[in-house]
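Asks: Structure for this input, please:
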Amino acid sequence: MADVDGLVRESLYRRAEEGPGGQGLLAAVHARSLRLRRRRTWARSATVLAIALVLAAVPAAAQLVGPASHPANPGHDGATASASTDTDPAPTASPAAAKPATTATELRLAPPAYPTPAFPLQPDPNIGLPKGGLTTPVVTLDAGTLRAFFGAKDGVRGADVSIVVTEQRPSFGNAAGPVSEADRQVRGHPGTLRTVAVSPAAQLNLYWQESASQWVQVRTDDTLTDAEVVRFANALTAAALALDVGLRLDLAPVGLVLDTASLSRLALRPSGVPAGTPTSTIVCTLYDTRQLAGTPVSVGAYRGAITRTASGVTLAVNIDDRGVTLLVQVPAQYALSDADLIRFAAGIHLTGRAESQGP
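Replies: Below is the predicted model of the structure:
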């Protein structure tokens, strides 16, 4: 063992003499450390660069195979930070995680400023048609269509008459019976008398274009003869009959106009949207009392409930002293907070003629 120890010590002494001095040894260690550090930094930089290239390639590939889309962060200059330190680069926000911009129209409430149409025609009572005369009319607006209903005072010899005014030529769906049409001259205009043969009385509809923006229909039954219907129409006189409404508003969304107004319903829509468009129309309707479902709220002195879905928001209010439920329906096209929805509903008042539409 002594010989082995001696050989080891001799070898160490010899190698020590061949090795560098203290300063040289320290310099060599520093140089090796620097080489290793640079190697690690280069490897990390290469890894970061590879990841960046992959991430950049994914949107480009998606653009080639997918539908066109708007560029994310269009104001960004596209520069990237250099990965030349030992710290990882800060993560950037993903464009896909950004909250999508809403397209809903913000509604602002103000006292109603929309025009309220009046019915432009009325029968001449002096012609004696129908027999027994007619009652005071009920005038309504239904999806842009003005309608005046005159009930017969004599339920045996008389006949109910409805006068309808529209901006467009009337169109008709499937009839309940055989249809015949005949040309008639009405108030100096070419007209058409349409007859639907049904029981117990055939339905008559005399229609014509009164002016460039006004088509008129006189609807009744064959209690009147064809000639009497034409005579009745020729005797119509100018009028300005007010709408019969069941709901009146303290507040209304700015920019909307009347679409529907009757004893049980009131609806508003943008002026440039076709009448009766459900996705653009705010509707307030009276129904028989319903059980409330949704988030409970108070609307003035009444109990209510709000329900929000993808199609819009609904506020139901039980008006207990009138035995009805008011349903306010706002499509998803509009943005209206719960507070403003409640404020809008609290300003809806029932007139003395208000009535339920039914269950």
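Asks: Low-confidence bits of the chain, can you list those?
Replies: For the chain, the stretches with pLDDT under 70 are 1-102.
Asks: residue ranges for the helices of it, please.
Replies: 2-18, 22-65, 226-234, 338-346 (DSSP state H).
Asks: Can you tell me who the residue nearest to V245 when sequence neighbours are not counted pairs with across the strands?
Replies: Leaving out its chain neighbours, the residue that sits closest to V245 by C-beta to C-beta, 6 or more residues apart in numbering is A261, at 4.9 Å. Every residue, glycine included, has its C-beta placed from N, CA and C. The partner list for A261 in beta bridges (DSSP bridges) reads L141, L266.
Asks: how about A261, what does it touch?
Replies: T116, T140, L141, L243, V245, L247, A267 (C-beta atoms under 8 Å, 6 or more residues apart in numbering).
Asks: which one of those is nearest T289?
Replies: Within these, distances to T289 taken as C-beta to C-beta reach their minimum at L247, with 16.6 Å.
Asks: any idea how far the closest residue in space to the closest one that isn't next to it in sequence is from V283?
Replies: Spatial nearest neighbour of L247, excluding adjacent residues (C-beta to C-beta, 6+ apart): L266 at 4.3 Å. The spacing between L266 and V283, counted by C-beta to C-beta, to the nearest Å, is 8 Å.
Asks: what is in contact with the two at once?
Replies: Common neighbours of L266 and V283 (criterion: C-beta under 8 Å, 6+ apart): T260.
Asks: So for the two, which sits in the more crowded spot?
Replies: Just comparing L266 and V283: by other C-beta atoms under 10 Å the higher neighbour count belongs to L266, 25 against 18.
Asks: what sits against the more buried one?
Replies: Counting by C-beta under 8 Å, 6+ apart, L266 touches V245, G246, L247, L249, L258, T260, V283, C284, I348.
Asks: Counting only strands, which of these make the cut?
Replies: Secondary structure from DSSP state E places L247, L249, L258, T260, V283, C284, I348 of the contacts of L266 in strands.
Asks: Surely L241 and F119 touch.
Replies: Yes: the pair L241 / F119 is scored as a contact, 3.8 Å apart, by C-beta atoms under 8 Å.
Asks: who touches both of those two?
Replies: By C-beta under 8 Å, 6+ apart, the residues touching both L241 and F119 are P137, V139, A148.
Asks: ok, of these, which one's closest to T195?
Replies: Nearest member of the shared contacts of L241 and F119 to T195, counting by C-beta to C-beta, is A148, at 21.7 Å.
Asks: Domains in this structure, by residue range?
Replies: Per automatic domain parsing, the structural domains of the chain span 18-68+81-89, 109-114+245-350, 124-235.
Asks: Could you measure from the residue lying closest to E210 once chain neighbours are set aside over to V328?
Replies: In this structure, E210 finds its nearest non-sequential neighbour in V216, 4.8 Å apart by C-beta to C-beta, 6+ apart. Relative to V328, V216 is positioned 34 Å away (C-beta to C-beta).
Asks: any idea how far P123 is from the nearest residue to A152 once chain neighbours are set aside?
Replies: Excluding its sequence neighbours, the residue lying closest to A152 (C-beta to C-beta, 6+ apart) is G158, at 3.1 Å. Noted for G158: a distance of 12 Å to P123, by C-beta to C-beta.
Asks: Pull up the overlap in contacts between the two.
Replies: Common neighbours of G158 and P123, using C-beta under 8 Å, 6+ apart, are L134.
Asks: that older thread, which among the shared contacts of L241 and F119 end up buried?
Replies: If you count burial by 16 or more other C-beta atoms under 10 Å, the buried members of the shared contacts of L241 and F119 come out as P137, V139, A148.
Asks: ok, now which ones touch the closest residue to the last one other than its chain neighbours?
Replies: In space, and not counting its chain neighbours, A148 is closest to P137: 4.3 Å by C-beta to C-beta, 6+ apart. Shown in contact with P137 (C-beta under 8 Å, 6+ apart): F119, Q122, A148, F149, F150, L241.
Asks: which ones among these are found in strands?
Replies: F119, Q122, A148, F149, F150, L241.
Asks: Double-check the fifth one against D160; I have them as touching.
Replies: Yes: taking contacts as C-beta under 8 Å, F150 lies within contact range of D160: 6.8 Å.
Asks: Settle it for me: which of those two has more neighbours?
Replies: Each of F150 and D160 has its neighbours counted (other C-beta under 10 Å); F150 has more, 22 against 16.
Asks: which residues does that one bridge with?
Replies: F150 has these beta-bridge partners by DSSP bridges: V161.
Asks: so how far is T325 from it?
Replies: Distance from F150 to T325, by C-beta to C-beta: 31 Å.
Asks: before we move on, what about A275?
Replies: A275 is 26 Å from T325, by C-beta to C-beta.
Asks: What of V230?
Replies: Counting by C-beta to C-beta, the gap from V230 to T325 is 45 Å.
Asks: wait, what's in contact with the closest residue to K131 other than its chain neighbours?
Replies: Ranked by C-beta to C-beta, 6+ apart and with sequence neighbours excluded, the top spatial neighbour of K131 is R157, at 4.2 Å. Residues counted as contacts of R157 (C-beta under 8 Å, 6+ apart) are P130, K131, G132, T223.
Asks: Whichever of those end up buried, select them in PyMOL.
Replies: Per 16+ other C-beta under 10 Å, the buried members of the contacts of R157 correspond to this PyMOL selection:
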select buried, resi 130+223
